[in-house]
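Novice: What would the 3D arrangement of this be:
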Amino acid sequence: MKLNLSKREKGKKSQLTQIRYGGDIPAVVYRSGQVGKNIIINGHEISSVIRSLKKGHLPTTIFEIELCGKEGSCSALVRDVQYHPTTYQIFHIDLQELEDKKPVNVKVPITFVGVSECVGVKLGGMIRQKIYHVKVRCLPRDIPENFVLDVHSLSIGDSIRVGDIEKGEGVRVLIPNQEIVVTIAKR
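Specialist: Have a look, this model is predicted:
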């Protein structure tokens with residue numbers, strides 16, 4: 001996905017308020033070993049992008065960002081989104097610029113297939129998800145979109161652990177393999 005950005009000068013709080021009042025969002029692009037670049041993101045553009053994503057997939061979405069000036073385009077991940085405490089509008093965004101040969105830590109969402117055919121659910125149980133994201137370390141080209149788990153054969157009391165997830169080449173999980181991701185519990 002592509003985002004058009006414009007630079008902003010580090011200034012007073014009143015300037016940030018004016019940016020937000022105009023519908024745009026102040027943000028910072030971080031790159032390892034360098035000071036963050038202050039930027040402005042078009043508020044309508046980023047809001048429509050976030051609404052179009054599946055729930056939980058923002059951390060694994062790679063954005064092509066265009067900076068005004070000589071820098072050109074680069075790839076970046078959203079590191080943090082801050083929301084206004086009462087209106088829940090996006091208040092500030094932190095982006096991390098990606099380097100091809102430098103690994104990054106990413107929270108990868110977990111999705112399920114076979115929920116309607118699940119043996120445990122048909123026997124009166126319910127699916128209880130314990131972990132919604134798995135933190136991994138990998139190169140930007142190896143970032144998985146999500147981890148898909150098939151739960152159709154699970155019965156009541158069965159579970160899937162982090163160690164049971166197929167991770168793929170070059171992806172290292174940063175949480176213990178014994179952690180339970182999902183279990184079929186009695187009602």
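Novice: Pick out the residue closest to the middle of the chain.
Specialist: Nearest to the mean C-alpha position of the chain, counting by Cα atoms, centre = their mean, stands Pro59 at 1.2 Å.
Novice: contacting residues around that residue?
Specialist: Shown in contact with Pro59 (Cβ atoms under 8 Å, 6 or more residues apart in numbering): 77-78, 106-109, 133. The way it works is simple: take the backbone N, C-alpha and C, and place the C-beta from them, glycine included.
Novice: switch the cut-off to 6 Å
Specialist: Contacts here follow Cβ atoms under 6 Å, 6 or more residues apart in numbering; on that basis Pro59 touches 106-107.
Novice: Tell me the confidence at it?
Specialist: What the model reports as pLDDT for Pro59 is 92.
Novice: isn't there a strand covering it?
Specialist: No - Pro59 sits outside any strand when classified using DSSP: H, G, I helix; E, B strand; the rest coil, being helix.
Novice: Gly163 touches Asn177, doesn't it?
Specialist: Yes - using Cβ atoms under 6 Å, Gly163 is in contact with Asn177, at 3.2 Å.
Novice: Mark out where each domain of this protein begins and ends.
Specialist: Taking automatic domain parsing as the reference, the chain has its domains at 2-97, 104-185.
Novice: what number of residues lie near Ile143?
Specialist: Burial of Ile143 is recorded as 21 neighbouring residues (other Cβ atoms under 10 Å).
Novice: give me the number of residues near the nearest residue to Glu169 once chain neighbours are set aside?
Specialist: Closest residue to Glu169 apart from its sequence neighbours, by Cβ to Cβ, 6 or more residues apart in numbering: Asp142 at 6.8 Å. For Asp142, the count of nearby residues is 17 (other Cβ under 10 Å).
Novice: how close does Asp142 get to Lys102?
Specialist: Asp142 sits at a distance of 12 Å from Lys102 (criterion: Cβ to Cβ, to the nearest Å).
Novice: Now do the strands in the chain.
Specialist: 2-7, 25-30, 37-41, 62-67, 72-83, 90-97, 104-113, 126-129, 133-138, 147-150, 159-161, 172-173, 180-185 (DSSP state E).
Novice: now for those, which one comes closest to Lys55?
Specialist: Taking Cβ to Cβ, strand 104-113 is the member of those nearest to Lys55, at 7.9 Å.
Novice: Flag every buried residue along the closest one.
Specialist: Of all the residues in strand 104-113, those buried under the rule 16 or more other Cβ atoms under 10 Å are 104, 106, 108-110, 112.
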